[in-house]
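*Asks:* Next one to model:
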Amino acid sequence: MKKYIAAEILGTFLIVFVGTGAIIYNETSSGGLTHLGVCILWGIAVAISIVSAGRIAESHFNPAVTLSLVLAGKFSAKKSIEHIAAQIVGATIASIVLYLIFPKNATLGSTLPTESPWISAVIEIAISFALMASIALTEILQIKSRFYVALIIGFVVFILAYWAGPLTGASMNPARSIGPAIISGHTEYLFLYLLAPIIGMLLAVPLYRFKRTNSKQSAT
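*Replies:* Numbers count the residues shown, from 1 in each chain. All right, here's what the predicted structure looks like:
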């Protein structure tokens, strides 16, 4: 197996295992971890994955991010297929492991809306746009340190999850939703969590043009 594929699998596994595992534990312990604690763990898991796997892979861990970077001309369309497949595999394995640990949990941390599907779709599009905008911002500002990039993106994930988690589950990541949905059988809203993050992140792609335009103006 190629090293960058293994890194994408492991990074996505860590994010989904820690994040949805925190949700499951919070449910089984009757709120013992609290919503704040769950969101903190999501942010930390994302940050650690970026720092650790970023040495080998591009640290996407998210099909919507991968597709957006392809459209922005920042990533190979050919390699994107491998990356997306790896992300889905990592998320699914994480959900299988969590099922073995918590076999009685009905949802395994699946993203299920508490609002109407339309409102939930709008929220998911908005927060996915915000997440992709933060990723683009690290390039616009030319932040080279992997640690600072991880800190920024992890913090954004924490904030967005804290706000939108009670409303939509705050997916922002099709792979994160696919894993728990497939293993738990709760696929009734999966289409929403596949399309909305992709739409939201694709809307942020023009920000990369802003960077290229600025670079050209600076050069002149």
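*Asks:* so who does the residue nearest the centre of the chain touch?
*Replies:* Using C-alpha atoms, centre = their mean, the residue of the chain that lies closest to the mean C-alpha position is Asn173, 4.0 Å off. Contact analysis of Asn173 by C-beta atoms under 8 Å, 6 or more residues apart in numbering lists Ile15, Phe61, Asn62, Pro63, Ala64, Val65, Pro197. Any C-beta I mention is one placed from the backbone N, CA and C, and that applies to glycine too.
*Asks:* per-residue pLDDT, it?
*Replies:* Confidence at Asn173, expressed as pLDDT, is 98.
*Asks:* Ok, Ile40 next?
*Replies:* For Ile40, the predicted pLDDT is 98.
*Asks:* Just the element for it, please.
*Replies:* helix 34-53 (DSSP states H and E).
*Asks:* just the helices in the chain please.
*Replies:* 3-28, 34-53, 63-71, 77-101, 117-140, 146-168, 174-184, 190-202, 206-219 (DSSP state H).
*Asks:* Report the mean per-residue pLDDT for the fifth one.
*Replies:* If you average the pLDDT over helix 117-140, you get 96.
*Asks:* Neighbours of Ile101, how many?
*Replies:* 13 (other C-beta atoms under 10 Å).
*Asks:* which stretches of this structure have low pLDDT?
*Replies:* Within the chain, the ranges that satisfy pLDDT under 70 run 211-220.
*Asks:* please redo it, this time with the cut-off set to 80
*Replies:* 1, 54-57, 210-220 (pLDDT under 80).
*Asks:* give the contact list for Pro117.
*Replies:* Contacts of Pro117 by C-beta under 8 Å, 6+ apart are Tyr189, Leu192.
*Asks:* Apologies, that question was intended for Ala150.
*Replies:* Val46, Ala47, Ile48, Ile50, Val51, Gly54.
*Asks:* same deal with Leu98?
*Replies:* By C-beta under 8 Å, 6+ apart, the neighbours of Leu98 are Phe17, Thr20, Gly21, Ile24, Asn105, Leu108, Gly109, Pro180, Ile183.
*Asks:* Swap in 7 Å and give it another go.
*Replies:* Contacts for Leu98 were tallied using C-beta atoms under 7 Å, 6 or more residues apart in numbering; they are Phe17, Thr20, Gly21, Ile24, Leu108.
*Asks:* So the last one sits against Gly19, correct?
*Replies:* No: between Leu108 and Gly19 there is no contact, the gap being 11.4 Å when judged by C-beta atoms under 7 Å.
*Asks:* Can you tell me which of the helices of the chain is packed in deepest?
*Replies:* The highest mean neighbour count among the helices of the chain, using mean count of other C-beta atoms under 10 Å, belongs to helix 174-184: a mean of 27.
*Asks:* what's it packed up against?
*Replies:* helix 3-28, helix 63-71, helix 77-101, helix 190-202 (3 or more C-beta pairs under 7 Å, 6 or more residues apart in numbering; DSSP states H and E).
*Asks:* I'd like these as CSV, with distance to Phe158 appended.
*Replies:* CSV is the format used below for these (distance: least, C-beta to C-beta, whole Å):
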stretch, distance to Phe158
helix 3-28, 11
helix 63-71, 17
helix 77-101, 19
helix 190-202, 17
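*Asks:* For the closest residue to Thr187 other than its chain neighbours, give me its contacts.
*Replies:* Distances taken as C-beta to C-beta, 6 or more residues apart in numbering place Ala181 nearest to Thr187, at 4.8 Å, with adjacent residues excluded. By C-beta under 7 Å, 6+ apart, the contact list for Ala181 reads Ser110, Thr187, Leu190.
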